[in-house]
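Chemist: 3D model of this:
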Amino acid sequence: MPAEPKGVEGRAGDVVLAVGTTKGAFLFHAGGDRSAWTVDGPHFPGEEVYAVAFDQRRGAPVLWAAPGSPFFGTTLRRSDDLGVTWSNGDERAVKFPEGSELALQRIWQIRPGRADDPDSMYLGVEPSCVFESRDGGASWSPVDGFLTHEHRPYWTPGAGGLCLHTILPDPAGPDRMVVAFSTGGVYRTDDGGRSWRPRNVGVRAEFLPDKHPEFGQCVHKVVHHPARPERLFLQNHWGLYRSDDWGEQWHDIANGVPSDFGFAMAIHPTDPDTVFIVPLESDQFRCTPDARLRVYRTRDAGASWHALERGLPQHGAYETVLRDALETDEAAPAGVYFGTRSGKVFVSADDGDSWSLVTEGLPPVLCVKAAVLA
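Modeler: This next block holds a predicted model:
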């Protein structure tokens, strides 16, 4: 049996990583220099954890996780003491309403809302839908305009399911939000969720006869920076894109990458022009190109990309990094973190310039989230 997890006892300025895997969640803890790490877990042993999140909008850190299994379903769990204790796993707070003919299969994203509204939270789930909480996660309901969208009968699942994996609220107010899912593409609301319109002009669907449909693109991840929220970066199933107008138009920015196929994408915590990705060779061979594990960084909003490889294996590294397994923290210089399907976790404490291996031998990594403790 795995060791009993004890949680993390962190101090202000420490860094905590929550790593979700196919067999549970692990918590990594280090001081502010991010040089020596301890590990705690697995939490929820044997369960898939596709989504984790930290919420520090009220000061004290709240840790969220969504463990589940194909046999017993998915739950949403909360810890107010960094994994020492968790809320009741028998609770099923996230449910589709009766009559919708939909059933929750998986929670893919846990997203705290705006900083000025600490009671707001959002979930991205499978089958694709947005759930909202207005009481800090005590209760949840689907956003009706998305639940009943006229396109729903035409949305089809990708290889990972019909998963809504990206939620980007507008930090300026409650009306605007961008979401992305596979294989529907990007949708945006400008009226607080009452209506949603596809925003995919310029993004191609390589696997469809019509390469540029109104919707149906297989978007893998979208990120933006709160200081410039209208500028969006998108990693597609083939394609890297940027939009400077909340998704009205998308422009190709795959300049100098070995492949424009991939899943993971992360934004720098303080620089809206700096983005990190991990390219994969192709949709048929979803491993790092040339068996070299490289993170690519742009510092000019996609005009150019540069390989970051110092400390990463450059021979025989047939690795895969999934859509939520690449993350940054808010320290200075920024920490950058990622986990692989082979169970490795890598850390950079200098904006990605150099890397070190924190652990190997974990179950396949599904998601990574980082927090500098308040």
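Chemist: Ala227 is in contact with Thr274, isn't it?
Modeler: No: when contacts are counted by Cβ atoms under 8 Å, Ala227 is not listed as touching Thr274 (11.8 Å). Yep, even glycine has a C-beta here, placed from its N, CA and C like the rest.
Chemist: Compare the two (neighbour count), which wins?
Modeler: Under the neighbour definition other Cβ atoms under 10 Å, Ala227 and Thr274 were set side by side, and Thr274 has more, 20 against 10.
Chemist: Under the pLDDT cut-off, which ranges of the protein? List them.
Modeler: Across the chain, the stretches falling below the confidence threshold (pLDDT under 70) are 1-3, 90-91.
Chemist: List the residues that contact the spatially most central residue of it.
Modeler: Nearest to the centroid of the C-alpha atoms of the chain, with distances taken as Cα atoms, centre = their mean, sits Asp324, at 3.4 Å. When contacts are counted by Cβ atoms under 8 Å, 6 or more residues apart in numbering, Asp324 touches Gly20, Tyr50, Ala51, Trp108, Gln109, His165, Lys221, Ala264, Leu366, Cys367, Val368, Lys369.
Chemist: okay, among those, which ones form the most distant pair?
Modeler: For these, the maximum inter-member distance is 15.6 Å, found between Gly20 and Lys221 (Cβ to Cβ).
Chemist: all helices of the stretch 1-150 of the chain, in order?
Modeler: Read by DSSP state H, counting those that start in this stretch, the stretch 1-150 of the chain holds these helices, from start to end of the chain: 144-147.
Chemist: So for stretch 58-77, what gets flagged as buried?
Modeler: By neighbour count with 16 or more other Cβ atoms under 10 Å, stretch 58-77 contains the buried residues Pro61, Val62, Leu63, Trp64, Ala65, Ala66, Pro67, Gly68, Thr74, Thr75, Leu76, Arg77.
Chemist: Sitting in strands, which of those do you find?
Modeler: Of the positions in the buried residues of stretch 58-77, Val62, Leu63, Trp64, Ala65, Ala66, Pro67, Gly68, Thr74, Arg77 sit in strands, assigned by DSSP state E.
Chemist: which one of those sits closest to His151?
Modeler: So of those, ranked by how close each gets to His151 (Cβ to Cβ), first place is Thr74, at 24.3 Å.
Chemist: ok, that closest one touching Arg106?
Modeler: Yes: counting by Cβ under 8 Å, a contact exists between Thr74 and Arg106, whose distance comes to 5.5 Å.
Chemist: Now do the same contact list for the closest residue to Arg57 other than its chain neighbours.
Modeler: Residue nearest to Arg57 in three dimensions, not counting chain neighbours: Pro118, with 4.0 Å by Cβ to Cβ, 6 or more residues apart in numbering. Each residue near Pro118 by Cβ under 8 Å, 6+ apart is listed here: Asp55, Arg57, Arg58, Pro112, Gly136.
Chemist: Check Thr270 too.
Modeler: The neighbours of Thr270, taking Cβ under 8 Å, 6+ apart as the test, are Glu330, Ala332, Ala334.
Chemist: Pro269 is in contact with the last one, correct?
Modeler: Translated: Ala334. Yes: in this structure Ala334 lies within contact range of Pro269 using Cβ under 8 Å: 5.2 Å.
Chemist: Run a quick neighbour tally on Gly173.
Modeler: Per other Cβ under 10 Å, the neighbour tally for Gly173 reads 11.
Chemist: Helix or strand for it, just tell me which one.
Modeler: When secondary structure is defined using DSSP states H and E, no element contains Gly173, which sits outside every helix and strand.
Chemist: where's the nearest residue to Gly311 once chain neighbours are set aside relative to Glu281, distance?
Modeler: With sequence-adjacent residues excluded and distances taken as Cβ to Cβ, 6+ apart, Gly311 is closest to Trp355, at 3.6 Å. When distance is defined by Cβ to Cβ, to the nearest Å, Trp355 is 20 Å away from Glu281.
Chemist: Looking at those two now, which is surrounded by more residues?
Modeler: Each of Trp355 and Glu281 has its neighbours counted (other Cβ under 10 Å); Trp355 has more, 22 against 18.
Chemist: ok, that one to Leu312 distance?
Modeler: From Trp355 across to Leu312, the span is 5 Å (Cβ to Cβ).
Chemist: swap in Ala227?
Modeler: According to Cβ to Cβ, Ala227 and Leu312 sit 29 Å apart.
Chemist: now swap in Ile167 and tell me
Modeler: Noted for Ile167: a distance of 30 Å to Leu312, by Cβ to Cβ.
Chemist: same check, this time on Pro226
Modeler: Between Pro226 and Leu312 the computed distance is 29 Å (Cβ to Cβ).
Chemist: No further questions, thank you.
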